[in-house]
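**Q** Below are the sequence and a predicted model for it; my questions follow.
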Amino acid sequence: MMQKFSILVACFLIGVGLDVLAQKPEYSTYLDAQFQETVKRHATFVRELTHKHDNIYSAKVIELENGKVKMEGAFNVVPNKVTEHGIFTFYYPNGAVESRGEYDMGLKIGTWKRFAQDGTERPDRYYDPSSAQVIRDKTGR
């Protein structure tokens with residue numbers, strides 16, 4: 001009897017653990033080909049957000065046509081505004097990494113690693129973090 005109870009408890013804990021690991025997105029938003037919010041019938045992608053901490057959400061952007069991940073990253077979410085903030089990875093349709101780098105409140109900063117579809121490295125792109133502040137000062141971002 002004790003062994004059956006132990007097995008039931010173990011199954012319950014494993015089930016709860018798997019549910020936590022496979023967190024379902026809290027918010028889904030439809031996006032057009034330029035990643036702008038749109039309605040479902042005009043959408044190319046869906047962005048799924050899952051809460052991490054404070055105002056930060058992890059995100060996946062998934063192509064509706066084939067279900068493949070186009071982008072993974074983190075967003076700062078405040079009322080009426082969703083802004084890229086953190087490390088991002090973009091993918092080619094074949095699943096290979098296209099580029100990887102960091103956003104700071106919607107602006108690319110630092111070194112972005114870039115790759116060809118076959119995985120070979122392409123020249124890095126560098127976005128000066130001080131330029132991001134200049135852009136913010138001028139645009140009020």
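**A** Right, received. Where do you want to start?

**Q** in which helix or strand would I find residue 130?
**A** Assigned by DSSP states H and E, residue 130 falls within helix 129-139.

**Q** Sort out which residues of that helix are buried, please.
**A** For helix 129-139, burial by neighbour count (16 or more other Cβ atoms under 10 Å) applies to residue 132. C-beta coordinates here come from the backbone N, C-alpha and C atoms, glycine included.

**Q** show me where pLDDT drops low in the protein?
**A** 1-23, 140-141 (pLDDT under 70).

**Q** any chance you could map the helices in this protein?
**A** 2-21, 129-139 (DSSP state H).

**Q** Residues touching stretch 62-76, excluding its own?
**A** Contacts to stretch 62-76, defined as Cβ atoms under 8 Å, 6 or more residues apart in numbering, come from residues 43-49, 52, 55-61, 82-91, 93, 95, 103, 105.

**Q** For ChimeraX, write the selection for the buried entries among those residues.
**A** Filtering the contacts of stretch 62-76 down to the buried ones (16+ other Cβ under 10 Å) takes a single ChimeraX command:
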select :43,44,45,46,47,48,49,57,58,59,60,61,82,83,84,85,86,88,90,91,103
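
**Q** elements contacting the helix holding residue 130?
**A** Counting contacts by 3 or more Cβ pairs under 8 Å, 6 or more residues apart in numbering; DSSP states H and E, helix 129-139 is packed against strand 107-115.

**Q** Check which helices and strands the strand it packs on sits against.
**A** If contacts are counted by 3+ Cβ pairs under 8 Å, 6+ apart, strand 107-115 sits against strand 97-104, strand 121-127, helix 129-139.

**Q** Kindly recompute the last result at 10 Å.
**A** The elements that strand 107-115 packs onto, with contact taken as 3 or more Cβ pairs under 10 Å, 6 or more residues apart in numbering; DSSP states H and E, are strand 81-84, strand 86-91, strand 97-104, strand 121-127, helix 129-139.

**Q** buried ones in that strand?
**A** Within strand 107-115, the residues that count as buried by 16+ other Cβ under 10 Å are 107, 108, 109, 110, 112, 114, 115.

**Q** right, and the last one touches residue 92 too?
**A** Looking back up the chat, that one is residue 115. Yes. Using Cβ atoms under 10 Å as the test, residue 115 is close enough to residue 92 to be in contact (8.4 Å).

**Q** Many thanks, I have nothing further to ask.
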